[in-house]
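1. what's the 3D shape of this:
(2 chains)
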Amino acid sequence: MKNIVVKMIAKEVDLDVCDIENLLEVPPRLEMGDFAFPCFGLAKSLKKSPVIIASGLAKVKLPKGISEVKAEGAYVNFFVDRGIFAKGVLGKKRVDVEKKGKICIDMSSPNIAKPFGIGHLRSTIIGNSIGKICEANGFEVVKINYLGDWGTQFGKIIFGFRKWGSEAKLKKDAIGHLYELYVRANATDEFDEECRAEFKKLEDGDKENLKLWKRFKDLSLKEFDKIYDLLGISFDVVSGESLYNDKMGAVVAELEAKGLLIEDEGAKIVDLDSEGLGKVLIQKSDGTSLYATRDLAMAIDRKKEYNFDRAVYEVGSEQKLHFRQVFGVLDKMGYEWSKDLVHAAHGLYLDKDGKKFSTRRGKSVFMKDVLNEVVEKAKTNLLKREMLKGKELDGRARKIALAAIFYGDLKNNREHNMVFDVDRFLSFEGDTGPYLLYSYARASSILRKVDSKASVKIGEINDTEFGLIKKIDSFEDVVGKAYLGLAPNLVANYCFELASLFNEFYHACPVLGNEKEGFRLVLVGAFRDVMGKSLNLLGIEKLEEM
RNA sequence: GCUCUCGUAGCUCAGCCUGGAUAGAGUGUCUCCCUCCUAAGGAGAAAGUCGCAGGUUCAAAUCCUGCCGAGAGCGCCA
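-> Alright, predicted model coming up:
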């Protein structure tokens, strides 16, 4: 359809086809038409007012598929033939997208010394969604959970456990107890040195410390797996910083051999000052590794193992500098593929004072609590529904709660910070996940009740129907744009718009028993199909019945 | 101090990359609509100097500069 309009304009105007395509826009309101061509730019070369140019252009002969052309101010508005358009959209056969390459996505990647907090939620579900969006765009995706299971935080826990630890508490609530120890050791600077020493022993291979570390790691992991299970999110690979313990020496040696490593106050650094990225600490003066060291080893190793075309790191925006430094060092090392690494940063959840949640200040929101609260609310709502008497509710409540949480997060611009408020997830009306599920369930409900097989005749198409058809048609566009920006919120926003249009349609246009039943059923089916696909891209499970 | 990000309706946020027609949602407030395929719904009203000031442009919430306000980061944490 767009091409028809572009060709039409190309015949009348001295412009490149590409330029016309770029200029062509969609009018803000349906009654203004389906495509619009602004004539401001032509005014200079033609030495005429854009309004006059527009009215001149509007007099062209109509090709097939275009039903009307109107000048409105400096715009030429085109109306497509709704019947032909609808036939094209509703009859579209979906072809598999061609394979384009491999993408590794680093997602979730919690520091397992602490319970799963609200901060981890973003990376987990945004990463999950980005993965699905990449797949929809033809990429093979490897989802990697790169655990923060190495580093000084374990020195702190080991130190804390020796000083204040309790086997009983560990047995009762392992992760809670470990977190308590971590906070306690972290609360003042007085234990810093001893904690660092414990980590050094760990990295040097001390048997006792390794044993403790392994034990704590396994206990934490069990807890984390429970949360991932509840969230319904899985990974292709669960890796961790600890796996690179024996590979970091090689990285340090390589940096040395390439003449990039500089001694500075007893530590070893790579100087990226000229790139405006400061100095990157590679090795502490006690010889132990750092976050950056491990990320370098991991990136090099990962490229070897997966030979990805792109690697996406879905990690919080507070680590922007860190990733620019790591990518910068890799570039200096001569790895050309460093340009294929992307930090898809997400904004932070801030507390009500507008500040970052900080462990040091003992402020955290735990995913487990949020999850429970939202599931309870969903269950309460379900119990009010007459039609669900005697049906299984737990699974339903969980799906609704997850839809609320996932959508409540994903609809926001990934890169922006936002204030954490449980109400964001506890609200089930309006622009929320449950609203999307509800719309989908309504469509399913209609389709379940069909017994007749009315013929599909596309007659007159009203505005409500046409608006819905146009929205359905733009799905592929949205999927493409979401990939370009690694932006799940575009899909989320699309879902809401699509659901809104469907609900309008649902009220205004009776389907079953109506004279347009055949056509409307096809439309409902197309909606349900696209809505289902969109929800899937967000990682939200569908519900056939609310 | 330096770097990056943000500032849009009472509240929570889209829109900004790629400039266009009357700046959009949800929520909250106020009206309506269940003899009708699920009311977690629909229709409508009120609510905005798009932080401030310049600049570029036929056209700026959108691009550029400065200022104000908030947040994050800035070598032995991750």
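2. got the contact list for A:I540?
-> A:L402, A:A403, A:F406, A:Y407, A:G433, A:L436, A:L437 (Cβ atoms under 8 Å, 6 or more residues apart in numbering). Where you see a C-beta, it was placed from the backbone N, CA and C, and this is true even at glycine.
3. same thing but at 6 Å, please
-> With contact set as Cβ atoms under 6 Å, 6 or more residues apart in numbering, A:I540 has these partners: A:A403, A:F406.
4. where do the helices sit along the stretch 401-546 of chain A?
-> For the stretch 401-546 of chain A, the helices defined by DSSP state H, counting those that start in this stretch occupy A:423-426, A:433-448, A:463-473, A:475-484, A:488-508, A:517-538.
5. return the alpha-carbon coordinates of the fourth one using CSV.
-> Spelled out, that is helix A:475-484. C-alpha atoms of helix A:475-484 as CSV (Å, rounded to 0.1, in the frame of the first residue of the first chain):
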residue,chain,number,x,y,z
PHE,A,475,3.0,-5.6,14.1
GLU,A,476,6.1,-6.5,12.0
ASP,A,477,7.1,-2.9,11.9
VAL,A,478,7.1,-2.8,15.7
VAL,A,479,9.1,-6.0,16.0
GLY,A,480,11.7,-4.6,13.7
LYS,A,481,12.0,-1.3,15.6
ALA,A,482,12.0,-3.0,18.9
TYR,A,483,15.1,-5.0,17.7
LEU,A,484,16.9,-1.9,16.5
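6. how about the residues of the stretch 251-400 of chain A by RNA strand B?
-> Neighbours of RNA strand B within the stretch 251-400 of chain A, by Cβ under 7 Å from any atom of the strand: A:264-267, A:269, A:276, A:278-279, A:281, A:284-286, A:288, A:290-291, A:317-322, A:347-348, A:350, A:353-356, A:378, A:381-382, A:385, A:387, A:400.
7. adding distance to RNA strand B, mean pLDDT and mean neighbour count, write the helices of the stretch 401-546 of chain A out as TSV.
-> Formatted as TSV, those follow (distance: least, Cβ to the nearest atom of the strand, whole Å; pLDDT from 0 to 100; neighbours: other Cβ atoms under 10 Å):
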stretch	distance to RNA strand B	mean pLDDT	mean neighbour count
helix A:423-426	6	93	18
helix A:433-448	3	97	21
helix A:463-473	9	96	19
helix A:475-484	6	95	18
helix A:488-508	4	97	20
helix A:517-538	8	97	21
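8. which one, of those, ends up nearest to A:E198?
-> Closest approach to A:E198 among the helices of the stretch 401-546 of chain A (Cβ to Cβ): helix A:423-426, 38.3 Å.
9. for chain A, just list every one of the strands.
-> Secondary structure of chain A by DSSP state E: the strands cover A:35-38, A:66-72, A:75-80, A:101-106, A:139-147, A:237-240, A:261-264, A:267-271, A:279-283, A:310-313, A:341-343, A:349-350, A:418-419.
10. name every strand pairing with the longest one and say which way it goes.
-> Partner strands and pairing direction for strand A:139-147 (DSSP bridges) are strand A:101-106 (parallel), strand A:237-240 (parallel).
11. related to what we said a few turns ago, now the helices of the stretch 401-546 of chain A in TSV, with distance to A:I9?
-> Formatted as TSV, those follow (distance: least, Cβ to Cβ, whole Å):
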stretch	distance to A:I9
helix A:423-426	45
helix A:433-448	37
helix A:463-473	20
helix A:475-484	20
helix A:488-508	28
helix A:517-538	30
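12. gap between the worst-scoring helix or strand of chain A on mean pLDDT and the chain center?
-> Least confident helix or strand of chain A, by mean pLDDT, DSSP states H and E, is helix A:42-46 with a mean of 86. Distance of helix A:42-46 from its chain centroid, counting by Cα atoms, centre = their mean, to the nearest Å, is 43 Å.
13. measure A:P63 to A:G33 for me?
-> Here A:P63 is placed at a distance of 15 Å from A:G33 (Cβ to Cβ, to the nearest Å).
14. the two: who's more crowded?
-> A:G33 (21 against 12; other Cβ atoms under 10 Å).
15. find the nearest non-adjacent residue to the more buried one, please.
-> Spatially, and ignoring its direct neighbours in sequence, A:G33 is nearest to A:N77 (3.4 Å; Cβ to Cβ, 6 or more residues apart in numbering).
16. alpha carbons of stretch A:58-66, as PDB, please.
-> Output in PDB follows, covering the C-alpha atoms of stretch A:58-66 (Å, rounded to 0.1, in the frame of the first residue of the first chain):
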ATOM      1  CA  ALA A  58      -4.300  16.100  -4.700                       C
ATOM      2  CA  LYS A  59      -5.700  16.200  -8.200                       C
ATOM      3  CA  VAL A  60      -3.800  13.100  -9.500                       C
ATOM      4  CA  LYS A  61      -5.500  10.100 -10.900                       C
ATOM      5  CA  LEU A  62      -6.200   7.400  -8.400                       C
ATOM      6  CA  PRO A  63      -4.500   4.000  -8.900                       C
ATOM      7  CA  LYS A  64      -6.100   0.800  -7.700                       C
ATOM      8  CA  GLY A  65      -6.000   0.400  -3.900                       C
ATOM      9  CA  ILE A  66      -6.300   4.100  -3.200                       C
END
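17. so A:F466 touches A:D81, yeah?
-> No - counting by Cβ atoms under 6 Å, A:F466 sits too far from A:D81 to count as a contact (11.0 Å).
18. turn the strands of chain A into CSV, columns for mean neighbour count and mean pLDDT.
-> Putting the strands of chain A into CSV (neighbours: other Cβ atoms under 10 Å; pLDDT from 0 to 100) gives the following:
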stretch, mean neighbour count, mean pLDDT
strand A:35-38, 22, 94
strand A:66-72, 17, 94
strand A:75-80, 23, 95
strand A:101-106, 23, 97
strand A:139-147, 21, 96
strand A:237-240, 17, 94
strand A:261-264, 13, 94
strand A:267-271, 18, 96
strand A:279-283, 20, 95
strand A:310-313, 22, 97
strand A:341-343, 20, 97
strand A:349-350, 18, 90
strand A:418-419, 13, 88
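19. isn't the residue nearest to A:G33 right up against A:A36?
-> Yes - using Cβ under 6 Å, A:N77 is in contact with A:A36, at 5.1 Å.
20. what about the residue in chain A positioned nearest to RNA strand B, how many residues close to it?
-> Nearest residue of chain A to RNA strand B, counting by Cβ to the nearest atom of the strand: A:G430, 1.8 Å away. A:G430 has 8 neighbours, counted by other Cβ under 10 Å.
21. repeat for A:E190
-> When counting by other Cβ under 10 Å, one arrives at 8 neighbours for A:E190.
22. and what of A:M387?
-> Counted with other Cβ under 10 Å, A:M387 comes out at 8.
23. just the pLDDT for it.
-> Predicted confidence (pLDDT) for A:M387: 84.
24. of all the helix elements in chain A, which one is longest?
-> For chain A, the helix reaching the highest residue count under DSSP state H is reported as helix A:207-231.
25. distance from the chain centre to stretch A:250-269, please.
-> Distance, centroid of stretch A:250-269 to centroid of chain: 36 Å (Cα atoms, centre = their mean).
26. give me the buried entries from the residues of the stretch 251-400 of chain A next to RNA strand B.
-> Among these, the ones that count as buried by 16 or more other Cβ atoms under 10 Å are A:267, A:269, A:281, A:284, A:288, A:290-291, A:317, A:319, A:322, A:347-348, A:378, A:382, A:400.
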